[in-house]
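S.K.: Here's my sequence, what's the structure:
(chains A and B)
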Amino acid sequence: MSEQAVTAQSEDFSRWYNEIVYRADLAAPSPVRGCVIIKPYGYEIWEGIKGGLDRRFKATGHQNAYFPLFIPESYIKREAQHVEGFSPELAVVTHAGGKELEEPLVVRPTSETVIGEAFSDWIQSYRDLPLLINQWSNVVRWELRTRPFLRTAEFLWQEGHTAHATHDEAEEETLQMLDIYADFAVEDAAIPVIKGEKSRMERFAGALRTYTIEAMMRDKRALQSGTSHNLGQNFAKAFDIRYLAENNAQAYCWTTSWGLSTRMVGAVVMTHGDDKGLRLPPKLAPHQVVIVPIYRKDDQKPLVMETVNRLESQINAAGIRVHVDRREGQSPGFKFNDWEMRGVPVRVEIGPKDVENNNAVLARRDVPGREGKQFVSQDGIAGALDALLNAIQANLLEDARAFRDRHISDVGSYDEMRQVVEGGNWARAWWNGSDEDELTVKDETGATIRCFPFDQPGGRGFCVKTGQPAQKVALFAKAY
RNA sequence: CGGGGCGUGGCGCAGCCCGGUAGCGCGCACGGUUUGGGUCCGUGAGGUCCCCGGUUCGAAUCCGGGCGCCCCGACCA
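M.R.: Here you go, the predicted model:
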């Protein structure tokens, strides 16, 4: 368990992050380079994320399915930009069953290709459309540098794949799913995100358009937290996904894909965490409430535990995820710190005094020290907790939003942008530059275009780089 | 792939320069003590010192070779 303070965020943010991930018991190192073991506590957070998303997917008519881990190498090569984008990071199986395979098998980096191939069989008529499929799976991308949750060689995610009759329907789906990601991020993860479109350079390999939700971490770096792609007819043509229209004419489908990964766990850590550890939004917290019993001598224990057990079932009955810390060896002070490290939103302290006075101490994780503590009556404690959890959920979101907004500036010139970005902040600037200009900016400032936000100021301005008239502003930031 | 660092009980490290058969903190087990903000004391378990080879009476330590990992950059959800 944790026994000393972690490295402060202000001192070394990545070190802080790594320490938190291990000390909050989210993950453990794996024997394979670039992979991690997701421990139960970390996995429960992922399960919360899965639950929140899956519910939304189902509500919008999507069904889950599962496609194979292995993809024939030739499939990957069918869509020109797709190969180019993914080849460098593929893991390939060349041997199996004791002999060399006739055709190497790629471990999926994403499944557009296999799913596209399947779709071409499944879809015959316009009556088969739209086809709305989602898959929960693992994928492998052999990244050069990895960090737990943010970028690992193998990661868990969901990938949605849909096929539609028209471009507009596909576009509508692409945007709907982006909205779902944003809604999940804001409502469940308490992470304020900015919706926008990716630049040509940052677009998914093989997509017509890529949309993204971008979040600001506590070190002000940007984290692409979910993407939704309108694939146009690129994959439909490569995999022959056609349908017979009402007028008896063959037409290619329009497809989309969208994904969100275990990276979101990292986003939660880096958006809300502080120097004492994790701060989990109640909606995703494996334990929303932890009860720490306090007793001096053994004769006090039965009394205290009686109350604790009673409150536990009362809180449980109210649909709140509660955990009682029954460990014997540790002092209350140790437990306080331990649960703060793990980010449990509310701690309930029950000691002899509370038993006597019919009280309980509630301590909220998002407000440090005395200020975050309050006495409440044991009667109706569930109601008090419910209100408190809602307040914490809202406060974490507000806190993150205020932090983000403080660190985004509108800039009018390239020099100004440079200054803002070099200070670690985000810059909003008019842009009409070329791919090459974008690369230059990256070279010179370290920042990339995170997106062209949907929320545009309107009117027009002059591009910070080229000085030419521009219709849109872009967000620039250093990113993970 | 370029630059830097490191491989010693589960984790973090010392020992290496100057060879003599391995130690500290945390964690773990047991006993006691304590418990309203990281209690304290005692006892104990646990190690192919990354690998291979060489030098030597003797190698964690010296020499040669190899492997692995981490950090910073380029690539990326």
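S.K.: What about A:Arg23, how many residues nearby?
M.R.: A count of nearby residues for A:Arg23, using other Cβ atoms under 10 Å, gives 18. The way it works is simple: take the backbone N, C-alpha and C, and place the C-beta from them, glycine included.
S.K.: just checking, it touches A:Val6?
M.R.: Yes: the pair A:Arg23 / A:Val6 is scored as a contact, 6.6 Å apart, by Cβ atoms under 8 Å.
S.K.: so what sits against both of the two?
M.R.: Each of A:Gly277 lies in contact with both A:Arg23 and A:Val6 under the rule Cβ atoms under 8 Å, 6 or more residues apart in numbering.
S.K.: which bits of the stretch 201-350 of chain A sit near RNA strand B?
M.R.: Residues of the stretch 201-350 of chain A lying close to RNA strand B (Cβ under 7 Å from any atom of the strand) are A:202, A:204, A:224-225, A:227, A:259, A:261-263, A:276, A:294-298, A:329-334, A:336-338, A:340-341, A:349-350.
S.K.: which of the residues you listed are buried?
M.R.: Neighbour-count burial (16 or more other Cβ atoms under 10 Å) applied to those gives A:202, A:204, A:224-225, A:227, A:259, A:261-263, A:276, A:294-295, A:334, A:336-338, A:340-341, A:349-350.
S.K.: now, which of the residues you listed lie within strands?
M.R.: A:224-225, A:227, A:259, A:261, A:349-350 (DSSP state E).
S.K.: And the furthest pair within the residues you listed?
M.R.: Using Cβ to Cβ, those span at most 45.9 Å, a distance reached by A:Thr227 and A:Ile350.
S.K.: Which residues does A:Ile449 form beta bridges with?
M.R.: A:Phe476 (DSSP bridges).
S.K.: Pull the number of nearby residues for it.
M.R.: By other Cβ under 10 Å, the residues close to A:Ile449 number 23.
S.K.: same check, this time on A:Gln374
M.R.: 14.
S.K.: now the nearest residue to A:His323 once chain neighbours are set aside, what's its secondary structure?
M.R.: Computed as Cβ to Cβ, 6 or more residues apart in numbering, the closest residue to A:His323 that is not its neighbour in sequence is A:His287, at 4.1 Å. Assigned by DSSP: H, G, I helix; E, B strand; the rest coil, the conformation of A:His287 is coil.
S.K.: which ones are touching A:His287?
M.R.: By Cβ under 8 Å, 6+ apart, the contact list for A:His287 reads A:321-323, A:342, A:344.
S.K.: and if you look at A:Met217?
M.R.: A:Met217 neighbours (Cβ under 8 Å, 6+ apart): A:223, A:267, A:270-271, A:480.
S.K.: before we move on, could you check phi and psi at it?
M.R.: Phi and psi for A:Met217, reported as degrees, to the nearest 10, are phi -80, psi 170.
S.K.: re earlier: show me the residues of the stretch 201-350 of chain A next to RNA strand B that map onto helices.
M.R.: Among those, DSSP state H puts A:263, A:332-334, A:336-338, A:340-341 in helices.
S.K.: For my notes, please list these in CSV and give distance to A:Asn390 for each entry.
M.R.: Converted to CSV, those look like this (distance: Cβ to Cβ, whole Å):
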residue, distance to A:Asn390
A:Arg263, 27
A:Pro332, 27
A:Gly333, 28
A:Phe334, 29
A:Phe336, 23
A:Asn337, 26
A:Asp338, 25
A:Glu340, 20
A:Met341, 24
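S.K.: right, and out of those residues, which lies closest to A:Trp136?
M.R.: Taking those together and measuring to A:Trp136 by Cβ to Cβ, the closest member is A:Arg263, at 14.8 Å.
S.K.: My guess is that closest one contacts A:Ser225. True?
M.R.: Yes: contact criterion Cβ under 8 Å: A:Arg263 and A:Ser225 qualify, at 6.8 Å.
S.K.: How about A:Glu100, nearest residue that isn't a chain neighbour?
M.R.: In space, A:Glu100 comes closest to A:Thr94 once its chain neighbours are excluded; the distance is 6.2 Å by Cβ to Cβ, 6+ apart.
S.K.: A:Phe184 too?
M.R.: Leaving out its chain neighbours, the residue that sits closest to A:Phe184 by Cβ to Cβ, 6+ apart is A:Gly52, at 5.1 Å.
S.K.: The one you found falls within a strand, correct?
M.R.: No: according to three-state DSSP, the state of A:Gly52 is helix, so it is not within a strand.
S.K.: center of chain A - which residue?
M.R.: The centroid of chain A falls nearest to A:Met264 when counting by Cα atoms, centre = their mean (2.0 Å).
S.K.: Return the per-residue confidence for the residue nearest to it when sequence neighbours are not counted.
M.R.: Leaving aside its chain neighbours, A:Met264 sits nearest to A:Ile49 (5.3 Å; criterion: Cβ to Cβ, 6+ apart). Looking at A:Ile49, its pLDDT stands at 98.
S.K.: any idea which element A:Ile49 lies in?
M.R.: Element membership for A:Ile49 (DSSP states H and E) is helix A:40-59.
S.K.: So which bits of that helix are buried?
M.R.: Within helix A:40-59, the residues that count as buried by 16+ other Cβ under 10 Å are A:41-46, A:48-50, A:52-53, A:56-57.
S.K.: And it, what does it pack against?
M.R.: The contact analysis (3 or more Cβ pairs under 8 Å, 6 or more residues apart in numbering; DSSP states H and E) places helix A:40-59 against strand A:131-140, strand A:154-164, helix A:167-187, helix A:263-272.
S.K.: tell me the most buried of these?
M.R.: The highest mean neighbour count among the helices and strands packed on helix A:40-59, using mean count of other Cβ atoms under 10 Å, belongs to helix A:263-272: a mean of 26.
S.K.: packing partners for it?
M.R.: helix A:13-23, helix A:40-59, strand A:209-216, strand A:222-232, helix A:381-406.
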